[in-house]
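Peer 1: Quick one: sequence plus predicted model below, questions after.
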Amino acid sequence: MIPHYPLFINGEFKEIQNKQDIINPSSGKIIAKVSVAQKEEIEYAIKSARDSFDNGPWKNLPFSERKKYVLKIATGILEKAQELAELESLNSGKPIKESTFMDIPSSAATFDYFANNFEKFLNEETIKIESQIANAEAKLIREPWGVSVLIVPWNYPLLIASWKVAQALCAGNTVILKPSSLTPLSALELAKIVKEAGLPAGAVNIINGSGDAIGEVLCSDSRVDMISFTGSNAVGKKILEYTAKNVKKVTMELGGKSAAIVLNDADLELAVNGLLCAIFLNQGQMCTAMSRIFVQDKIYDNFINDFTQKAKRIKIGSALNFETQIGPLMSESQRKKVLEYVKQGKKEGAQLLCGGDIPQQEGLKNGFFFEPTVFGEVSSDMKIFKEEIFGPVASVAKFSSIEEAAALANDCVFGLAASVWTKDTSKAQSLAKTINAGTVWVNTYGMFFNELPYGGFKQSGFGKELGKEGFLEYTRIKNVVIDKTQDSKPLVNYWYGF
Ligand code: NAD
């Protein structure tokens, strides 16, 4: 029996007639049917989040109570960890090893971290002003924005949803979560966990629907106070237009074309193994994928030989097999897009060193698989160098001086992340300062921590997720000023001479 997933609004599950099929990208088969929110459900979700914020208890709960509820969500995720990992891999094509050891435990850890730290981050600050004309004391108070709409992509469905829901809730907001309509299943399982945790009705609402159908209504509604968006630049720009209609807080975590710089003195084995991970993990469908790899001239040949040989050995297979190292792409249209980029790379003269095609093995025929692909001799005028492919395609190029490497890395409209590979960490640190990206990893990749703010520069967006700085995006600051003029009245009392 194919499972049916309802929406979650005002603390209740709501199954509606209009449903969509959810596809397993490893097999092309239907694995679930999910209710699709129509006008009526969107209205209900906004009303419920609004009422819950304005009249409900969530924002007014003692911090200790808020913390208890959020910790229950963390525990709920861990209790269902295996089931959630399987579901995430079934729905998104992410290899089960990644869902099991990264996505699901990290999702629980984010709820846990913010539950244990939000009180400290919300601490009021007092500022004393003592000047010739005034003495005052100001209290800086951190408040929730109100109703927050959280829109997430399909590449890390539960993890990115958890980042946003944990931070928004801990800050005291009420939430409408909209997962990608390709991967809504883990978010709708999260709804069950929220329900079991007993959160007040309306504090969390989770609705499904295609962005084109429901995005504008959700984002432009004047009852919504904040949009936290993670996704593509094309959609990000649309959301900026929708929200301009009545001005609201927006954060944008957008695309990337991240650069790795491998210096002559790098540990070659570490750089090769690390960068295989940095481009082929999750089939390269990572916003921070190191899709541009710059290798210094003396080690270029050794690097490229080793990197290509190892890329050829990566095991392609069904996402649910623990041996699988690379699963299917998310959809047939995603695979077509990747194939187009590969054709374009060949046409523009890049050297195809491995992959570049749809694998023909038995058992892979019905899924959306694509071979790990490596291009050498890539130059900065090529499309595969400039644009986000969002697939398992590495573009490798040679450089001579460190200055040239920094210029190549910065020759990009995006600025999400970068990595530097060298045994000389002080050289790495000075190079990191010249790179125009929000995160620079040294001799490693993908180290996201709940403690550290993450987010891009340039067209990779604005605003942060995680860390104190990311959490504070979900709050607004109020400045309450009290006059403290000693033994007299403040200047306003005398201004008109009355
Ligand atoms: P997408 O922009 O197509 O979709 C993202 C979300 O926006 C989905 O929930 C989708 O339904 C919704 N959406 C689509 N049209 C909309 C509209 N008109 N109004 C409102 N919402 C709408 O992105 P995707 O294909 O799901 O994800 C891939 C993209 O996300 C890549 O560009 C990747 O780099 C980016 N991404 C960025 C980060 C980051 O942290 N910077 C993280 C993960 C993914």
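Peer 2: That came through, no problem. Numbering: from 1, shown residues only.
Peer 1: Do you have the helices of the stretch 51-200 of the chain handy? List them.
Peer 2: 63-79, 81-92, 96-98, 104-121, 157-170, 185-197 (DSSP state H, counting those that start in this stretch).
Peer 1: which of the ones you listed sits most buried?
Peer 2: Comparing these by mean neighbour count (mean count of other Cβ atoms under 10 Å), helix 157-170 ranks first with a mean of 27. Using the backbone N, CA and C atoms, a C-beta is placed for each residue, glycine as well.
Peer 1: From the contact counts, what lies against that one?
Peer 2: When contacts are defined as 3 or more Cβ pairs under 8 Å, 6 or more residues apart in numbering; DSSP states H and E, helix 157-170 packs onto helix 63-79, helix 81-92, helix 104-121, strand 147-151, strand 174-178, helix 185-197, strand 226-230, helix 467-472.
Peer 1: any idea of the angle it forms with helix 81-92?
Peer 2: In terms of direction (axes from the mean of the first three to the mean of the last three Cα atoms, to 10 degrees), helix 157-170 departs from helix 81-92 by 120 degrees.
Peer 1: okay, helix 157-170 in PDB with CA atoms only?
Peer 2: Output of helix 157-170 as PDB, limited to C-alpha atoms (Å, rounded to 0.1, in the frame of the first residue of the first chain):
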ATOM      1  CA  PRO A 157      15.400  18.100   3.100                       C
ATOM      2  CA  LEU A 158      15.200  17.400   6.900                       C
ATOM      3  CA  LEU A 159      18.500  19.000   7.800                       C
ATOM      4  CA  ILE A 160      17.900  22.400   6.300                       C
ATOM      5  CA  ALA A 161      14.300  22.300   7.600                       C
ATOM      6  CA  SER A 162      15.600  21.500  11.100                       C
ATOM      7  CA  TRP A 163      18.100  24.400  11.000                       C
ATOM      8  CA  LYS A 164      15.300  26.800  10.200                       C
ATOM      9  CA  VAL A 165      12.500  25.300  12.400                       C
ATOM     10  CA  ALA A 166      14.900  25.000  15.500                       C
ATOM     11  CA  GLN A 167      16.100  28.600  15.200                       C
ATOM     12  CA  ALA A 168      12.800  30.100  14.400                       C
ATOM     13  CA  LEU A 169      11.000  28.300  17.300                       C
ATOM     14  CA  CYS A 170      13.700  28.900  19.900                       C
END
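Peer 1: if we can go back for a sec, nearest to Gln351, of the helices of the stretch 51-200 of the chain?
Peer 2: Smallest distance to Gln351 across these (Cβ to Cβ): 29.7 Å, for helix 96-98.
Peer 1: on that earlier part again, Lys347: which of the helices of the stretch 51-200 of the chain is closest?
Peer 2: With Cβ to Cβ as the criterion, Lys347 lies closest to helix 81-92 of the helices of the stretch 51-200 of the chain, at 31.0 Å.
Peer 1: Export that closest one to PDB, keeping only CA atoms.
Peer 2: Output of helix 81-92 as PDB, limited to C-alpha atoms (Å, rounded to 0.1, in the frame of the first residue of the first chain):
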ATOM      1  CA  ALA A  81      16.500   7.900  13.300                       C
ATOM      2  CA  GLN A  82      16.700   4.800  11.300                       C
ATOM      3  CA  GLU A  83      13.200   5.100   9.800                       C
ATOM      4  CA  LEU A  84      13.900   8.800   8.900                       C
ATOM      5  CA  ALA A  85      17.200   7.900   7.300                       C
ATOM      6  CA  GLU A  86      15.600   5.300   5.100                       C
ATOM      7  CA  LEU A  87      12.800   7.600   4.100                       C
ATOM      8  CA  GLU A  88      15.200  10.500   3.300                       C
ATOM      9  CA  SER A  89      17.300   8.200   1.100                       C
ATOM     10  CA  LEU A  90      14.200   6.700  -0.500                       C
ATOM     11  CA  ASN A  91      12.800  10.100  -1.300                       C
ATOM     12  CA  SER A  92      15.900  12.100  -2.200                       C
END
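Peer 1: got the angle between that helix and helix 104-121?
Peer 2: Note on geometry: by the same axes, to 10 degrees, helix 81-92 and helix 104-121 are set 110 degrees apart in direction.
Peer 1: Since that was my last question, I'll sign off now.
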